[in-house]
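Chemist: just a sequence and a predicted model for now, questions to come.
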Amino acid sequence: MKKPKWVIEKEQGRRASAAETVWLFGLHAVRDALRNPDRTRLRLIVTKNAYNKLAEDIDASGMEPEISDPRNFAAPLEAQSVHQGAALEVKQLDWGSIEECCMAADGQIPRVILLDRVTDPHNVGAILRSAEVFGARAVIAPHRHSAPETGALAKSASGALERQPYLRIKNLAVAMETLKSMGYLMLGLDGEATQSVAQAVEGRTDRPIALVLGAEGPGLREKTRETCDALVRINAAGEFGSLNVSNAAAVALYASRD
């Protein structure tokens with residue numbers, strides 16, 4: 001039996017509404033979201049123990065928390081979520097356009113990370129942490145076949161999601177061309193490349209540099225490779241060995257600095 005149109009529209013609306021909000025969980029992720037003035041916060045659920053640890057930030061945020069029994073935690077989280085007794089429903093952050101996020105500021109020589117089909121939220125969370133540490137202007141990924149802003153990603157980012165721009169765009173190749181038009185040197189990470197990151201940036205560390213990383217296994221797609229100015233590798237001490245994508249991002253960011 002075919003569903004009535006109003007039922008279909010209601011279901012579509014419910015899915016769209018759900019997609020607009022995210023449940024963050026874990027003490028670090030919730031605390032940093034409470035402290036972020038740019039974050040729209042909707043609902044806070046905590047256990048008494050978590051409330052005691054977050055009381056100062058909860059009071060400063062002006063939110064009225066819901067106290068929940070830890071044995072039957074009220075937030076709609078997956079069973080395996082390590083929430084530490086704290087969950088916060090929020091709207092996704094709007095970081096603006098690539099041009100706004102990736103322009104150099106205060107004399108900074110910008111660095112940017114682009115991700116090609118990196119879908120694991122734990123890897124993306126770790127990349128956001130590294131991007132913040134090394135001062136990258138943004139982490140950029142396509143809407144499709146990438147890790148969305150979720151509680152798991154936020155927890156892995158350990159607060160960096162609130163401070164480090166994570167831009168989701170329609171087309172990665174178009175975003176790469178936009179950055180190139182802004183003066184960025186586009187370097188794609190590839191284990192088979194003939195030159196290292198350090199060799200590729202030698203004498204050019206005063207330029208904006210974008211580092212493009214692909215998913216573990218498949219690597220960069222052909223169109224992504226073609227849009228890069230050069231392919232580069234991370235030198236290993238031995239003949240064999242490889243890094244996961246989050247570690248590779250951290251090493252590449254470090255190697256790209258002057």
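Modeler: Arrived safely, thanks for sending. Numbering: from 1, shown residues only.

Chemist: what would the helix or strand hosting residue 140 look like as PDB? C-alpha coordinates only.
Modeler: When secondary structure is defined by DSSP states H and E, residue 140 falls within strand 138-142. This file holds the C-alpha atoms of strand 138-142, laid out as PDB (Å, rounded to 0.1, in the frame of the first residue of the first chain):
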ATOM      1  CA  ALA A 138      40.100  24.800   8.100                       C
ATOM      2  CA  VAL A 139      39.400  21.200   7.500                       C
ATOM      3  CA  ILE A 140      37.300  20.700   4.300                       C
ATOM      4  CA  ALA A 141      35.300  17.600   3.200                       C
ATOM      5  CA  PRO A 142      32.500  16.900   0.700                       C
END
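
Chemist: now for it, which elements pack on it?
Modeler: Applying 3 or more CB pairs under 8 Å, 6 or more residues apart in numbering; DSSP states H and E, we find strand 138-142 packed against helix 98-102, strand 111-116, helix 121-133, strand 166-169, helix 172-181. Quick note: C-beta positions are derived from backbone N, CA and C, even for glycine.

Chemist: what residues sit buried inside the first one?
Modeler: For helix 98-102, a neighbour-count test (16 or more other CB atoms under 10 Å) marks 98, 101, 102 as buried.

Chemist: considering those, which is situated nearest to residue 88?
Modeler: Each of these was checked against residue 88 using CB to CB; the closest is residue 101, at 24.2 Å.

Chemist: contacts only, for the closest residue to residue 115 other than its chain neighbours.
Modeler: Once flanking residues are discounted, residue 115 sits nearest to residue 141: 4.2 Å by CB to CB, 6 or more residues apart in numbering. When contacts are counted by CB atoms under 8 Å, 6 or more residues apart in numbering, residue 141 touches 114, 115, 118, 124, 147, 166, 167, 168, 169, 172.

Chemist: so which of the residues you listed is the closest to residue 24?
Modeler: Closest to residue 24, out of all of those and judged by CB to CB, is residue 166, at 13.6 Å.

Chemist: give the bridge partners for that closest one, please.
Modeler: Counting by DSSP bridges, residue 166 forms beta bridges with residue 139.

Chemist: which pLDDT value goes with it?
Modeler: Residue 166 carries a pLDDT value of 96.

Chemist: end to end, how far does stretch 199-206 reach?
Modeler: 14 Å (CA to CA, to the nearest Å).

Chemist: could you list the low-confidence segments of this structure?
Modeler: Where the chain drops to pLDDT under 70, the residues are 1-19, 238-241, 258.

Chemist: where exactly do the strands run in this protein?
Modeler: Ranges of strands in the chain, per DSSP state E, are 21-25, 41-46, 66-67, 86-91, 111-116, 138-142, 166-169, 185-189, 195-196, 209-214, 230-233.

Chemist: now do the fifth one against strand 138-142, angle only.
Modeler: With axes from the mean of the first three to the mean of the last three CA atoms, to 10 degrees as the basis, strand 111-116 and strand 138-142 are set at 20 degrees to each other.

Chemist: repeat for the first one
Modeler: Here strand 21-25 runs at an angle of 130 degrees relative to strand 138-142 (the same axes, to 10 degrees).

Chemist: name every strand pairing with strand 21-25 and say which way it goes.
Modeler: strand 86-91 (antiparallel).

Chemist: can you list contacts of the strand it pairs with?
Modeler: Residues from elsewhere that reach strand 86-91 (CB under 8 Å, 6+ apart): 20-27, 29-30, 33-34, 39-47, 50, 54, 73, 75, 77, 151.
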